[in-house]
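Trainee: Build me a model:
(2 chains)
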Amino acid sequence: MKIINGILLISFGALLVYASLGLPNRGDVDAVMHREKSPTGSQGASSYYIRNADKDANTPNMVTVILADYRGYDTLGEETVILTAGLICFLILRRKKNKS
Amino acid sequence: MLRYKSNLIILMVSRVVSPFIMLFALYVIFHGHYSPGGGFQGGTIMAASLLLMRLAAGREIAQLQFKTILGTPLGSIGVLIYFGTGFAAMLSGGEFLNYSFLPFAGFTAAELRSLGILMVEIGVGLAVMAILVAIYDDLLEGYPHD
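Mentor: Numbering: from 1, shown residues only, chains lettered A, B, ... in the order given. Model (predicted):
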């Protein structure tokens, strides 16, 4: 059983490595996601953010603008996830106080 | 199992270091507009300073700094700050979380968005800090401390 698990893991890892070979290089200008326009001709999101982040939100840090302004729903969801984790720890682990 | 023993050196060093960690956490939160950082990172550093006092001084003394019962309510308040920012923008005529419609007079739209980002980051930092400390306290619940 252990041998089968090992073979499965190794073959899955090899599949992942093979798949990662097809990805474009980091910073490749010709890659589709780094182009200014998508293949259908509409403007890409990343180039819009880079051009307009400082102008739109008066904030030099582009990452903050994307995280909290353009992608505000995403961050709200993340925060809700953290709150849920805390509440569930509270519900599972906290005990009632024994007044003895 | 290792028993907790009060150690004077650890206690003194933690007492000196903890406020500086808090100051750095505030810097990370409020300077997130200009440098790497923001609510999540700052809240984590703030929680680290509180947990340092909990580890060094024991649970009873650390209650003076941050009470256990405050954890979950403060986390909820952080989420409410975030949600309220988005909701205030919605009430004054914009979309949900569109900060340029926030009801503050005398700001341009870009400045309002900058302000909205700051409010949101404060909410995130508060929630992350409180929830991390609350999880630590919950895990220690019922453990024979000291």
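
Trainee: outside of the lowest-mean-pLDDT helix or strand in chain A, which residues touch it?
Mentor: Ranked by mean pLDDT, DSSP states H and E, the weakest helix or strand in chain A is helix A:45-57, scoring a mean of 86. Residues from elsewhere that reach helix A:45-57, judged by C-beta atoms under 8 Å, 6 or more residues apart in numbering or on different chains: A:33-34, A:36, A:59-60, A:62, A:65-66, A:69-70, B:99, B:110, B:113-114, B:117. From N, CA and C alone the C-beta is placed, and that goes for glycine too.

Trainee: just the residues you listed now: which is nearest residue A:11?
Mentor: Top of the list for closeness to residue A:11, among the contacts of helix A:45-57 and by C-beta to C-beta, is residue A:33 at 28.9 Å.

Trainee: and that closest one, helix, strand or coil?
Mentor: Under DSSP: H, G, I helix; E, B strand; the rest coil, the three-state class of residue A:33 is helix.

Trainee: Look at it and report its pLDDT.
Mentor: At residue A:33, the predicted lDDT confidence score is 76.

Trainee: The nearest residue to residue B:32 once chain neighbours are set aside - how many residues pack around it?
Mentor: Nearest residue to residue B:32 in three dimensions, chain neighbours excluded: residue B:38, at 3.9 Å (C-beta to C-beta, 6 or more residues apart in numbering or on different chains). Residue B:38 has 25 neighbours, counted by other C-beta atoms under 10 Å in any protein chain shown.

Trainee: Residue B:75 and residue A:86, how far apart?
Mentor: 5 Å (C-beta to C-beta, to the nearest Å).

Trainee: what do these two both touch?
Mentor: Counting by C-beta under 8 Å, 6+ apart, the residues touching both residue B:75 and residue A:86 are B:130, B:131, B:134.

Trainee: Show only the entries of those residues found in helices.
Mentor: Among those, the members falling in helices (DSSP state H) are B:130, B:131, B:134.

Trainee: Tell me which residues of stretch B:67-75 come out buried.
Mentor: B:68, B:71, B:72, B:74, B:75 (16 or more other C-beta atoms under 10 Å in any protein chain shown).

Trainee: so which of those are also by chain A?
Mentor: When contact is defined as C-beta under 8 Å from any C-beta of the partner chain, those meet chain A at B:71, B:72, B:75.

Trainee: average pLDDT for the longest helix seen in chain A?
Mentor: Longest helix in chain A by number of residues (criterion: DSSP H): helix A:72-93. Average pLDDT, helix A:72-93: 92.

Trainee: and chain B, which residues reach chain A?
Mentor: By C-beta under 8 Å from any C-beta, the residues of chain B that approach chain A are B:32-36, B:38-40, B:71-72, B:75-76, B:78-79, B:82-83, B:86, B:97, B:99, B:108, B:110-111, B:113-114, B:116-117, B:120-121, B:123-124, B:127-128, B:130-131, B:134-135, B:138-139, B:141-142.

Trainee: one more time with 6 Å
Mentor: When proximity is defined by C-beta under 6 Å from any C-beta of the partner chain, chain B lies next to chain A at B:32-34, B:38, B:72, B:75, B:79, B:82, B:97, B:110-111, B:113-114, B:117, B:120, B:124, B:127, B:131, B:134-135, B:138, B:141-142.

Trainee: quick one: low-confidence ranges for chain B?
Mentor: B:1-4, B:143-146 (pLDDT under 70).

Trainee: let's see 90
Mentor: Low-confidence segments of chain B (pLDDT under 90): B:1-8, B:11, B:32-33, B:35-39, B:54-65, B:67-69, B:71, B:93-95, B:97-110, B:137-146.
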